[in-house]
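Trainee: when you get a sec, could you give me coordinates for this:
(4 chains)
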Amino acid sequence: MNPIAIGVFIVIALLTLGSGIMVVTVRNIIHSALWLIASFIGVAALYLLMEAEFLAVVQILVYAGAVSILVLFAIMLTRQVTGEGVRVVFERWWVALLIALGLFGVIVPTLWQHGSTWEEASKLAQVGPAPVEGTAAAGLQVATATEIGRSFMGEYLLPFEVISILLLMALIGAIVIAYEERTRRRRVLTLAEELALKKRGIVEPRDAEGAVVALDSEQA
Amino acid sequence: MTLSHLATEDVFVVERNDADFRAGQGMTKGLGIVFRKFRKALFGKPNSDRADTEGQFNVQYPEERLVLPEAYRNMPILLYDDATGHELCTSCFQCERICPPQVIHITQAKDPATGKPVPAAANFVLEYDTCMSCGYCAEVCPFDAIKMDHDFELSTGNHPELDVNYDRLLRPISYYEAIAPTMWSDVKEQAMKKLQNNIKRRPGAIGRDHGQKVKGGAAVAVAATPVAGAAPAAAAKPRGPVAAIGKNMPEEKVAKLISIRAANAAKRGGGDAGAAPVAEAAPIVETVVDTPAASAAPSGPVAAIGQNMSEDKRAKLEAIRAAKRAQRGE
Amino acid sequence: MLKTEELQINIGPQHPSTHGVFRMLVTVDGETLVDLKPVFGYLHRNHEQLGEVNTYLQNMPFTDRLDYFNSMVNNHAYARAVETLAGVEVPERAQYIRVIMDELSRILNHATAMGFMLGDMGAWQTALLWGMREREKILDMFEYVSGARMMCNYCRFGGVVRDIDDWFITELKKLMQGLPHYFDDFEGLLLNSEILLARARNIGVLPKELALAYSVTGPVLRGSGVAYDIRKAEPYAVYDRFKFKVPVGTVGDVYDRFLVRIAEMRESYKILEQAIEQLPDATGGFINPKVKQQSLKAPAGEAYARVESPKGELGFYLVSDGSGSAYRYKVRAPSFINLSSLADMCKGYSIADVVVILGSIDIVMGEVDR
Amino acid sequence: MADALTQLGFASWLSVLIASIIKVTLILVGGSVGMMFLTWYERRAISYMQDRRGPNRVGPQGLLQPISEAIKTMTKEDATPREADRIVHFLAPVVMLGATVLSFAVIPWGRMFPVDLNAAVLFVIATGGLHSIGMMMAGWGSNNKFALLGGMRGVAQLISYEIPQVMAIIPVVLMTGSMSLQKIVEAQNDFGGLGWFVFSPVGLLGFALFFTASLAEGERTPFDIPEADSEIIAGYMTEYSGMKFAVFYLSNYMSNLAVCFITATLYLGGGNGPGVDALGGFAGGLLSLIYFLLKSFALFFIMVLIRATVPRLRVDQLMGFAWKFLLPLVLVNILSASFWVALLRWDQQWPQLTEWFGAPSTADATNWGRLAIAVVLTLLINAGAVALIMRLTNRNVQKHLYTTDEELALGLS
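Mentor: Modelled structure (predicted):
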């Protein structure tokens, strides 16, 4: 490993860890969401460092691009985001610390035992059948897009389809909720429609301050 | 219900053709037209031909300039005869009376020997900032002394400079003849004839034109040089609805004028409490105030009478008005 | 779940697409507009009080400032009012000249009005600048004949200030060659463009009965289907000698008003053609010599004269008490009355439509606030 | 580049560092000069379309106009609202510009590839996605009700147009078999440098859809939400002035430049053209750069032409257009792309195919029979889909946009 790679790795690792810590410690929720995005991008940079380009790009596209926007939208639309009144330190923080240490204790020894060097570590990350010797993938090739694609269609087709159906259900659920909300909202009739209704003798039920009371079909 | 005075063949309903199927042809047609205009403008010659609708039309202003038509009117200017150096203006106050925003202030010249008024202007102040270039003064002037200029680059930083006085208003007739030849040739001979008999009525070294300027010599510098030294000694310019008082008027005249104005304001303050409806407007006109000093025009519908009219002329006017009303039998 | 409450938004006096200084207090529920309160008066210049202080002639240049797009039409309407009041008759040639100027002014007004509306819709002013090009050509001719581009002050009681000479006629003929190309370009550019249809069709619908109730006039009224044009209903100044049609819409939405204005431009073109042919020669005189312009005295009484200005029925109501200036001077401004229907026209649509509907009514604040 | 430096005696890792620094500066300079040229180009083009002359005073033919504008915006006062979230307000333009410049890392200039990622195409889309974060931060950071609304609308627009944009690229990746831009450019090099994807029916529809979707990504008319009057002021850019506004403007135009470059690379065979291979070497590279720039500026001209002609869509129509018009067409395009690949490439997978039409075309011998069948089939599928969807969307545009079902029942509209 040439010195630049190690140097860069340290910088990126520190950045990612730092933004991770900031996510949980900063008061303003929006700031913590932005720090979250920073940590996603840090992870993507790490992938790039390991030459897993496809994974890095997917990380940016999926996490930094879509999930973060989802988080930001959720925060902005649901609650008053001013940051005060947010308890930063949870009373039973030591439970969380214990769980974290336990996890750490499990990961580090397995890594240490199996792959002390860089080559073995990259083999661990190998997905699907071991590359046939002599083909382009023989070298230090961490999974490229083609292998991932082939394994999606080959070995892991079933989970792939199940997940896509799951996402489809989520999509349809969102649409149904939105549609329901739209119809329940009070409909402001334009002048021409009101006149046309009057002409047809359908008297619009109007409440006190003159707003159109929802037609019977919308009675909540 | 169709409310329509019109015979059916005079009316046609605009067709909306909602029904027909547009698969993007509308937009592509529009794009095609804009591209054709682009091609014509890029390769075509810049053109200003009135019949053409293609090619570049704008004029690069400071370098190229549009030719201004003769009738173009911007700010008024006064004319003086190149040969004799005499101004055409005889301060007859016609332009001051007709000017809608009342921006013209003339003081009549006096014969230094006898003190009698003389058909020439001592000072002629025109507020360029309020003047709206409507051209009425040029239309109304019986001596064709005041004409509309073609110079529109008049922007300046210092505001008092826009109260243009006599020296900066004067232009030689040759200047006006250059910018509006046919309009001047129509009125040339009667203007010159009137000028000749006016000069006869101006005795000796009277008015400001003799001696000040070498006859037919250096024309008044057109550049708006601020009037050297004549700081506005008189009272600060009362900016309200009352027209501004010229800078170069002698002190005591200014004082008298201000006193008259103060009286008017007091009078007017009391006068228009109740805006009398038409029926009894007549009586107000009846009790026309007799003393010329407080001859402020009652705020009613009677037209504003010029402040500088001589007393006997004002009396004669009242008499005529009274006769008219009697004849009308109010 | 998502509770949306009503939002008060100020489409403020200095908003880019309010055609001058005009404010709309808009209450919005989510995206649709619940209520709109127009606020104007920012451009009030005491015009009618001035009319009472000035003499009749002194007031003429102030009428240029009413609807500053069509000063020729304003002058014509004011001159007609004073002429009916003072009983002055106008020579034939002067009436023809006035008709030519009115129709030219109608073309330049509709060209720029449609350009501004499309600019509000986001069409980046291409249509506006083509309209401006035609307007410049017409303004040059106004400048040649009256002395100023926009503040023409061209009419006098009993005629016009200056006669039109053959330079003007040849230039007018050249202009008439170019106009049809402009009309075709303009229609081709946007008339069928899908996005314009999506933004203009069924937006800001003003049904026929309501248009009459609000007493709107001009293209807004004709867009709603009422065939009412003063040039036909009460022909003034030789309009009865020309054959032209009155375009009328069906639904009364923004698209109909847009179509009606384009059709009106073509009709004005026809009128101009006929006017040039029938123009009497110069011997008829361009002004009635017997009228003393400065000191015109109108006999006591009242008069109301109206003209079909490009924005609607422009009327001047004068009460005279026999002296040199009017006792009561009232302007019936079409933009002011058309604007009153804006609030109800916009109810139920989105904010983006409000600006387009305002553009389709085509108001000028000089006329609204006077 | 890097090995040339190692001969000069630098340590290997140092030369790699220097080489990449030089490359980055070249890209940044190229990008910003390209952006400046675009602003001048757009203003001149629009002015010719409107029968007037664009900027021609500052510098020869007005070429220094963008520089004078940059200086002007820099000297303008850069105000931050008092109650605003200062850091987020400051970082928003940085994120926007960062996202745009990131996408330049992958874009080829003619035949010169800065970095050849094998997932380059996806990388470009990913950086496009980062735009929405910058927009959200700008909307939130300015502490202004309209900026927040504008920011949310802008993000909604970006997200709903990102999907058709990504899916429009899938046919190209299918046809070349790899996501690396280098391979995509090589795949379009047959037929003497003119074998661009845009000439195949799949590519043509893909080009149209990708270009429309990227119009929305770059906020160009008819999808320019920030200047839209429905935003009442200026959308998420309301509270920005001076330098920060200039950075937004810079990132806006650079993303337009990037979009034009990518479209040229994906569909118009960036850098390929007659005579590029014949010249070879440095001259060939230069010629390919010229071809590439010509293609992208022709694309930008189309953007300007659209901007000068077409009015702006309303927000709800804009969303409807993305979901109801672009998305179905993109899916159909993927279907026809798979037919195209099957017909042209398969031999062992579908033995009868090779019997009927012979072996798939190799580098030298192109099998015209298969090509003809593929073209005809995909043309039928695409044209049919386009006509069908246009008829469907056209029908509901005529209906009053605000009526719900019961109004229709009442026969109102």
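Trainee: hmm, stretch D:68-87 in reach of chain A?
Mentor: Yes - using Cβ under 8 Å from any Cβ of the partner chain, stretch D:68-87 reaches chain A at D:85, D:87. (C-beta placed from N, C-alpha, C; glycine too.)
Trainee: convert that stretch to CSV, retaining C-alpha atoms only.
Mentor: Extracted as CSV, the C-alpha positions of stretch D:68-87 are listed here (Å, rounded to 0.1, in the frame of the first residue of the first chain):
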residue,chain,number,x,y,z
SER,D,68,-17.8,41.9,-16.3
GLU,D,69,-20.9,40.2,-14.9
ALA,D,70,-18.9,38.0,-12.6
ILE,D,71,-17.0,41.0,-11.3
LYS,D,72,-20.3,42.9,-10.9
THR,D,73,-21.9,40.1,-8.9
MET,D,74,-18.8,39.7,-6.8
THR,D,75,-18.7,43.4,-5.9
LYS,D,76,-22.4,43.3,-4.9
GLU,D,77,-23.2,43.2,-1.2
ASP,D,78,-23.6,39.6,0.0
ALA,D,79,-26.4,39.8,2.6
THR,D,80,-27.4,36.9,4.8
PRO,D,81,-30.8,37.2,6.6
ARG,D,82,-30.4,37.8,10.3
GLU,D,83,-32.6,34.9,11.5
ALA,D,84,-31.2,32.5,8.8
ASP,D,85,-29.3,29.4,9.7
ARG,D,86,-26.0,30.9,8.8
ILE,D,87,-23.9,27.7,8.1
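Trainee: who touches that stretch?
Mentor: A:28, A:30-31, D:36, D:39, D:58, D:89-90, D:140-144, D:239, D:241-246, D:249 (Cβ atoms under 8 Å, 6 or more residues apart in numbering or on different chains).
Trainee: among the residues you listed, which ones are buried?
Mentor: The neighbour count (16 or more other Cβ atoms under 10 Å in any protein chain shown) marks A:28, A:30-31, D:36, D:39, D:89, D:140-144, D:239, D:242, D:244-246, D:249 as buried among those.
Trainee: in helices, which of those residues fall?
Mentor: The helices, defined by DSSP state H, take in A:30, A:31, D:36, D:39, D:89, D:140, D:141, D:242, D:244, D:245, D:246, D:249 from the buried ones among the contacts of stretch D:68-87.
Trainee: gap between the nearest residue to the third one once chain neighbours are set aside and chain A?
Mentor: To tie it back to what came earlier, the one meant is residue D:36. The shortest distance from residue D:36 to any non-neighbouring residue, by Cβ to Cβ, 6 or more residues apart in numbering or on different chains, is to residue D:66 (3.8 Å). Distance, residue D:66 to chain A, by Cβ to the nearest Cβ, to the nearest Å: 31 Å.
Trainee: could you check which helix or strand contains residue D:66?
Mentor: helix D:65-75 (DSSP states H and E).
Trainee: in that helix, what counts as buried?
Mentor: D:65, D:66, D:69, D:70, D:73.
Trainee: now swap in stretch C:201-212 and tell me
Mentor: C:201, C:202, C:203, C:204, C:205, C:206, C:207, C:208, C:210, C:211.
Trainee: for these, which one is nearest chain A?
Mentor: residue C:205 (3.7 Å; Cβ to the nearest Cβ).
Trainee: quick check, pLDDT for the residue nearest to that closest one when sequence neighbours are not counted.
Mentor: Sequence neighbours aside, residue A:192 is the residue nearest to residue C:205 in space, at 3.7 Å (criterion: Cβ to Cβ, 6+ apart). Looking at residue A:192, its pLDDT stands at 71.
Trainee: do residue C:5 as well
Mentor: On pLDDT, residue C:5 comes in at 68.
Trainee: can you give me the helices for chain A?
Mentor: A:3-25, A:29-49, A:53-58, A:68-78, A:93-114, A:118-124, A:145-153, A:157-184, A:191-199.
Trainee: that should have said the stretch 251-370 of chain C, apologies.
Mentor: C:254-278, C:334-339, C:342-346, C:351-361, C:365-369 (DSSP state H, counting those that start in this stretch).
Trainee: which one, of these, ends up nearest to chain D?
Mentor: helix C:351-361 (3.2 Å).
Trainee: what comes up buried for the closest one?
Mentor: C:351, C:352, C:353, C:354, C:355, C:356, C:357, C:358, C:359, C:360, C:361.
Trainee: restrict those residues to contacts with chain D.
Mentor: Counting by Cβ under 8 Å from any Cβ, C:351, C:352, C:353, C:355 from the buried residues of helix C:351-361 sit close to chain D.
Trainee: quick one: which of those is nearest residue D:223?
Mentor: residue C:352 (13.1 Å; Cβ to Cβ).
Trainee: does the closest one touch residue D:315 like I think?
Mentor: Yes - with contact defined as Cβ atoms under 8 Å, residue C:352 and residue D:315 form a contacting pair (7.0 Å).
Trainee: which stretches of the stretch 251-400 of chain D aren't confidently modelled?
Mentor: For the stretch 251-400 of chain D, the stretches flagged by pLDDT under 70 are D:363-365, D:394-400.
Trainee: excluding chain neighbours, what is closest to the closest residue to chain A within chain D?
Mentor: For chain D, the nearest residue to chain A under the criterion Cβ to the nearest Cβ is residue D:129, separated by 2.8 Å. Distances taken as Cβ to Cβ, 6+ apart put residue A:65 closest to residue D:129, at 2.8 Å, once the chain neighbours are dropped.
Trainee: so that neighbour sits against residue D:136, correct?
Mentor: No - applying Cβ under 8 Å as the test, residue A:65 and residue D:136 come out as separate, 11.7 Å apart.
Trainee: between those two, who's got more neighbours?
Mentor: residue D:136 (29 against 26; other Cβ atoms under 10 Å in any protein chain shown).
Trainee: which positions in chain C make contact with chain A?
Mentor: So chain C meets chain A at C:1-2, C:4, C:29-30, C:32-34, C:205-207, C:209-210, C:252, C:344-345, C:347-349 (Cβ under 8 Å from any Cβ).
Trainee: what remains of the residues you listed if I keep only buried residues?
Mentor: C:29-30, C:32-34, C:205-207, C:210, C:252, C:344-345, C:347-349.
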